[in-house]
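Q: predicted model and sequence below, questions to follow.
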Amino acid sequence: MSTSKAKRINPNRILNTTQNGIKRITLSAPKVAENIPEVKPLRTPTKPKNFFLTVTHADRGMLDDHAHQVIATAAILADKKTAVVALVLGELREDIARLGADKVIVRPEFDYQIFQPDAELACVLKVIDSVKPSRIFTPDNMIGDGELGRRLIATQPSKSAATHVIEIDNKHVASYQAGGSRLAFADLPEIILLAANTTEINLPFVASAIPDEQLKSTSYTFKESNSDYKNLGMLPVASATIALEEADFIVSAGNGVSNVATLETLARSLDAAIGASRVAVDDGKFPRDKQIGASGKTVSASAYLAIGISGAVQHLQGIKDCRHVIAINRDNSAPIVKRADLTVIGDAEEIMQSLILAIAEAKQATSNQTMSNPVN
Ligand SMILES: Cc1cc2nc3c(=O)[nH]c(=O)nc-3n(C[C@H](O)[C@H](O)[C@H](O)COP(=O)(O)OP(=O)(O)OC[C@H]3O[C@@H](n4cnc5c(N)ncnc54)[C@H](O)[C@@H]3O)c2cc1C
């Protein structure tokens, strides 16, 4: 079986909820709302006596909903003399003043895709040493923060801690016990791993979110050669073998695709996985496991190319988490056009053939260039 460099998404990657309530992976800063935002009072202590620290990972410049809730929780619990310091592991391109962060320490060297928990822990311990927070908050999730939080708890045996906190106020926390049949209560501990959806992030105030330049570059002791982990990078896999739910690029066929071979050629040249609408599956053009939609699979690709698909509500349900939708359809009033970021109006077969040709030419040009400018 041939392998390709088809990108495989991290199934646990970060999602944000858009203003329309759609979960999206957002690479760029969110657009500013068209309606003028209400002016909220600024709340940042001028001479803080105490600090709360939040520790969260960012993915490609953005924090997810859960991370937002953690920062907002710290801000809600902070009194007038307590400042909230947000440590962000990874590049940050969003403004977190609205979440109540008074200071922001960004450590862009931590790429979310690279597994380096011991280096991250060393950095967090250094920041704790400098900030001396009375409480530390982190999301209890499966995408790195939960693990980092537990590693932190293990290094701080003298500190009280609670994991999977589902209820919190300035006196106590609660977590489920006995498989969710009981709630366990405890005094507000020093390290809090917060479950998702505990907190409303629309705060009645904003904070300054001042970048801490000093702690941004403070070094910490960590030798890569001493690490227990070696990052082996992403494994290249054949695009056809990737589960649709994990595919980052999907070429999907609907009833408007008459020639399956052309679609397969296009998918191969784009290194994309193949999906289909229910009608295309019912017609026997594609196996059932390729069906995307309410009664098929829900996908979250960065790019979803919908060819000859009308965009029925049941199909749209399956692609609600996709970041970019590109449609090819001969009907500019098809519902998919509203969902798509880009629509090409025309005949599916003709456009697929043109695309295959253009991709082949582009690949040839790249390989000619590489041959004439070999890397020494
Ligand atoms: C309970 C239930 C569950 C369902 N679950 C699913 C599901 O999981 N997934 C799913 O997809 N559907 C599902 N459906 C079916 C859904 O309602 C639609 O019938 C289906 O999605 C339509 O598929 P389609 O867009 O490929 O076909 P069509 O509705 O026939 O649309 C074809 C599109 O292709 C365009 N077209 C035609 N010829 C060309 C051409 N030559 N070039 C370019 N464009 C062309 C047309 O303009 C049209 O927009 C479900 C329905 C029900 C009731």
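A: Structure received.
Q: stretch 58-66: end-to-end distance?
A: End-to-end distance for stretch 58-66: 11 Å, by CA to CA, to the nearest Å.
Q: nearest residue to residue 125 other than its sequence neighbours?
A: Spatial nearest neighbour of residue 125, excluding adjacent residues (CB to CB, 6 or more residues apart in numbering): residue 155 at 6.7 Å. Glycine gets a C-beta too; all of them are placed from N, C-alpha and C.
Q: just checking, that neighbour touches residue 121?
A: Yes: assessed by CB atoms under 8 Å, residue 155 is found in contact with residue 121 at 7.0 Å.
Q: who has more neighbours, these two?
A: residue 121 (18 against 12; other CB atoms under 10 Å).
Q: what about that one, which SS state?
A: helix (DSSP: H, G, I helix; E, B strand; the rest coil).
Q: cool, and residue 142?
A: With three-state DSSP as the criterion, residue 142 reads coil.
Q: how many neighbours does it have?
A: Residue 142: 10 neighbours (other CB under 10 Å).
Q: measure it to residue 112 for me?
A: 13 Å (CB to CB, to the nearest Å).
Q: still on that earlier bit, from residue 216, how far out is the residue nearest to residue 125?
A: Taking CB to CB, one finds residue 155 at 22 Å from residue 216.
Q: walk me through the domains of the protein.
A: 15-23+39-226, 239-369 (the TED database).
Q: those: which one's closest to residue 233?
A: domain 15-23+39-226 (8.4 Å; CB to CB).
Q: rounded mean pLDDT for that closest one, please.
A: Across domain 15-23+39-226, pLDDT averages out at 90.
Q: interface residues of the protein facing the ligand?
A: 254-256, 277-280, 291-296, 308-310, 312, 314-315, 318, 329-331, 334, 347-348 (CB under 6 Å from any ligand atom).
Q: could you tell me which of these belong to strands?
A: residue 329 (DSSP state E).
Q: what subset of the residues of the chain next to the ligand is buried?
A: Neighbour-count burial (16 or more other CB atoms under 10 Å) applied to the residues of the chain next to the ligand gives 254-256, 277-280, 291-293, 296, 308-310, 312, 315, 318, 329, 334, 348.
Q: which ones among the residues you listed map onto helices?
A: 278, 279, 280, 315, 318, 348 (DSSP state H).
Q: tell me the one of those nearest residue 246?
A: residue 318 (14.5 Å).
Q: pLDDT value on that closest one, please?
A: 96.
Q: wait, it sits on residue 296?
A: Yes: look at residue 318 against residue 296 with CB under 8 Å: they come within range, at 5.8 Å.
Q: quick one, helices of the chain?
A: 65-77, 117-131, 145-155, 213-217, 260-270, 278-282, 313-318, 335-339, 348-372.
Q: which of those helices sits most buried?
A: Comparing these by mean neighbour count (mean count of other CB atoms under 10 Å), helix 65-77 comes out on top with a mean of 24.
Q: contacts for it next, please.
A: Under the criterion CB atoms under 8 Å, 6 or more residues apart in numbering, residues 14-17, 52-54, 56-58, 63, 84, 86, 96, 99-101, 135, 137-139, 141, 145, 168-170, 188, 192, 194, 196-201, 203, 205, 207 lie in contact with helix 65-77.
Q: which ones among those are found in strands?
A: 16-17, 52-54, 56-57, 84, 86, 135, 137-139, 168, 192, 194.
Q: now, among those, which is nearest to residue 322?
A: Out of the ones in strands among the contacts of helix 65-77, the member with the shortest distance to residue 322 (by CB to CB) is residue 16, at 13.5 Å.
Q: could you measure from the residue lying closest to residue 359 once chain neighbours are set aside over to the ligand?
A: Setting aside the residues directly before and after it, residue 359 is nearest to residue 269 in space (CB to CB, 6+ apart), at 4.6 Å. Applying CB to the nearest ligand atom, to the nearest Å, the value for residue 269 to the ligand is 19 Å.
Q: cool, and residue 172?
A: Distance from residue 172 to the ligand, by CB to the nearest ligand atom: 45 Å.
Q: isn't that residue up against residue 189?
A: No: with contact defined as CB under 8 Å, residue 172 does not count as touching residue 189 (9.5 Å).
Q: neighbour count: those two, which is higher?
A: residue 189 (18 against 14).
Q: am I right that the more buried one is in contact with residue 175?
A: No: with contact defined as CB under 8 Å, residue 189 does not count as touching residue 175 (10.6 Å).
Q: now the common contact residues for these two.
A: Going by CB under 8 Å, 6+ apart, residues that sit against residue 189 and also against residue 175 are residue 162.
Q: so for residue 148, what's the nearest residue that isn't a sequence neighbour?
A: Nearest non-adjacent residue to residue 148, counting by CB to CB, 6+ apart: residue 120, 5.6 Å away.
Q: tell me the contacts of that neighbour?
A: So residue 120 contacts 89, 110, 144, 148 (CB under 8 Å, 6+ apart).
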